[in-house]
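Colleague: Need the 3D shape of this:
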Amino acid sequence: MKFSVIIPDRNDRREFTDHCFFQLERQTVKPDQIIHVNYKPVSKDIDLVDRIKSGIKQSRNDKIFIIENDDYYPDDYFEKMAFDCDFIGVGSTWYYNIKTLGYKFLTHNNQDRSGLFCTGFKKSALNGFVFPNNIWLDLALWQFAKNYKLLKEFEVVGIKHNTGLCGGRGHDDRIYKDHDTNMDWLKKRVRKESFEFYKQWHTNNK
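Modeller: Numbers count the residues shown, from 1 in each chain. Below is the predicted model:
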């Protein structure tokens, strides 16, 4: 399967970007093209949609995955996410705040959709799609999707941290009711190297 990966990045959390590329290097199925959209921001506003649009234009493959630089992906992520439909995603996901050590399981309000960080699609399937003028690109994409597949929850984790320019409710500390004081939950959920990275980040940013 040939596919492209788009990584939107504002250069405001370099350590997460480095860890993101480490994760891509470990993949059992590797992308044919990595599009790191890290041009200098033109304003202080969230520009996620513009960066994704830029990445789509640069893609030389029809199949595209959105990879967010601060999230956790297992080594077999692309292997499990191989698809022939127009859209693919994960129907429910875990979110973990490595600053406050809180975690939460979300089913996306029982809607047939996925979080943006674990969404793949065919470029050709976007004909007629209107990009939103807000940050909720995942909602717009999945409302538009017709021919899609949603996998059951597996080892992807949306990592939250409250640093840099962040979008979405996941960075709101108030939504986390479960706490992982000793980081035992996270240790069982992610690879050893990633756990050490997140643990060190937490120590440095208490």
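Colleague: Tell me the strands beside the lowest-mean-pLDDT helix or strand in the chain, with direction?
Modeller: For the chain, the helix or strand with the lowest mean confidence is strand 178-179, at a mean of 84 (criterion: mean pLDDT, DSSP states H and E). Paired strands of strand 178-179, with direction, are strand 102-106 (antiparallel) (DSSP bridges).
Colleague: average pLDDT for the strand it pairs with?
Modeller: Taken as a whole, strand 102-106 has a mean pLDDT of 88.
Colleague: Now do the SS call for residue 94.
Modeller: Judged by DSSP: H, G, I helix; E, B strand; the rest coil, the three-state class of residue 94 is strand.
Colleague: Report the contact partners of it.
Modeller: With contacts taken as Cβ atoms under 8 Å, 6 or more residues apart in numbering, residue 94 has the following neighbours: 103, 104, 105, 106, 153, 156, 157, 158, 189. Every C-beta, even on glycine, is put in place using the N, C-alpha and C of the backbone.
Colleague: and which of those residues is nearest residue 45?
Modeller: Compare each of those with residue 45 using Cβ to Cβ and the shortest gap goes to residue 158, at 22.1 Å.
Colleague: If residue 106 is in a bridge, with which residues?
Modeller: In this structure, residue 106 has the following beta-bridge partners (DSSP bridges): residue 93.
Colleague: What's the local residue count around it?
Modeller: 15 (other Cβ atoms under 10 Å).
Colleague: What are the contacting residues of whatever helix or strand comes next after the least confident helix or strand of the chain?
Modeller: Scanning forward in sequence from strand 178-179 by DSSP states H and E, the next helix or strand is helix 184-189. The contact list for helix 184-189 (Cβ under 8 Å, 6+ apart) reads 72, 94, 96, 98, 103, 155, 157, 178, 180, 195, 198.
Colleague: if you set the cut-off to 10 Å instead, what comes out?
Modeller: For helix 184-189, the external contacting residues (Cβ atoms under 10 Å, 6 or more residues apart in numbering) are 72, 74, 94, 96, 98, 101, 103, 155-157, 159, 178-180, 183, 194-196, 198-199, 202.
Colleague: Farthest-apart pair in the contacts of residue 94, please.
Modeller: Maximum pairwise distance among the contacts of residue 94 (Cβ to Cβ): 14.9 Å, between 106 and 189.
Colleague: From residue 73, how far out is the spatially most central residue of the chain?
Modeller: The central residue of the chain, meaning the one whose C-alpha is nearest the mean C-alpha position (Cα atoms, centre = their mean), is residue 117 at 2.1 Å. With distances defined as Cβ to Cβ, to the nearest Å, the gap from residue 117 to residue 73 amounts to 9 Å.
Colleague: Touching both of those two, which residues are there?
Modeller: Overlap between the neighbourhoods of residue 117 and residue 73 consists of 65, 67, 156, 157, taking contacts as Cβ under 10 Å, 6+ apart.
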